[in-house]
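Engineer: Next come a sequence and a model predicted from it.
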Amino acid sequence: MTRLGLISTGFLAAFLAAGCTEVTPGRTRSLGEVDYALAFATGQEVLSQYYSVQSAEVNTGVITARPKPVKAGNDRLLGGYPARQVARMRIRREGRSIVAQVSVAVQRQRSQMRRQMQQVGDNYDSVPNKTPAEDQAATTIEQNENWEVRRYAHEIEAKILDDLYKALHPDGKK
């Protein structure tokens, strides 16, 4: 194999390996050696100060919040897209300590027109070839909503994790 072939094979292998790593959204913080049940209950309490808690599963350690509407910018002709924040916390054991992960996704609602244009772009035939059940099988307005993640609110994630840590360590010790 030539030198150029070896170099290009190396770059290809590095590129493929880099594509395999999946980045977990949000921030993570070690809470130290605290009781899991206490950390979970405190996490639920702290998250409820920012968002309305929708569900909390102690077995999985996952606490999810109801979507919270937020003000979005006006980047379209007739006003701004609806936007919301969706928060999720996960408490887990990692060795002898407890770790908390928080993600706050900032989502924007995709417009109906954009969704329809994407469907037209995927169909090269002028005759519709999908049934309504295949196209939009949802039955309620909420199920038909189409939200996309625009970014993660890292500043809010950091505040929630700081508040959780302070609640579990009121004396300030690490």
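Structural biologist: Okay, I see it.

Engineer: all helices for this protein, in order.
Structural biologist: 3-19, 36-50, 112-122, 132-135, 141-144, 154-168 (DSSP state H).

Engineer: These: lowest mean pLDDT?
Structural biologist: If the helices of the chain are sorted by mean pLDDT, helix 112-122 sits at the bottom with a mean of 52.

Engineer: just checking, Arg90 touches Val58?
Structural biologist: No - checked against CB atoms under 8 Å, the pair Arg90 and Val58 is beyond contact range at 11.7 Å. Quick note: C-beta positions are derived from backbone N, CA and C, even for glycine.

Engineer: quick one, which of the two is more surrounded?
Structural biologist: Arg90 (20 against 13; other CB atoms under 10 Å).

Engineer: Could you give the bridge partners of that one?
Structural biologist: For Arg90, the beta-bridge partners are Val62, Gln101 (DSSP bridges).

Engineer: cool, the one 4 residues further on as well?
Structural biologist: Going by DSSP bridges, Glu94 is paired in beta bridges with Ser97.

Engineer: That one and Asp162: what is the separation?
Structural biologist: 19 Å (CB to CB, to the nearest Å).

Engineer: Kindly report the same for Leu38.
Structural biologist: Taking CB to CB as the measure, Leu38 falls 18 Å from Asp162.

Engineer: Only C-alpha atoms, please: export stretch 25-39 in PDB.
Structural biologist: This file holds the C-alpha atoms of stretch 25-39, laid out as PDB (Å, rounded to 0.1, in the frame of the first residue of the first chain):
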ATOM      1  CA  PRO A  25     -27.000  16.200  26.300                       C
ATOM      2  CA  GLY A  26     -27.000  18.100  29.500                       C
ATOM      3  CA  ARG A  27     -24.600  18.500  32.500                       C
ATOM      4  CA  THR A  28     -23.400  15.900  35.000                       C
ATOM      5  CA  ARG A  29     -22.300  16.500  38.600                       C
ATOM      6  CA  SER A  30     -21.100  14.100  41.300                       C
ATOM      7  CA  LEU A  31     -23.100  14.600  44.500                       C
ATOM      8  CA  GLY A  32     -20.700  12.600  46.700                       C
ATOM      9  CA  GLU A  33     -21.400   9.700  49.000                       C
ATOM     10  CA  VAL A  34     -25.000  10.500  49.900                       C
ATOM     11  CA  ASP A  35     -28.100   8.200  50.300                       C
ATOM     12  CA  TYR A  36     -29.700   7.400  46.900                       C
ATOM     13  CA  ALA A  37     -33.300   7.800  48.200                       C
ATOM     14  CA  LEU A  38     -32.400  11.200  49.800                       C
ATOM     15  CA  ALA A  39     -30.700  12.400  46.600                       C
END
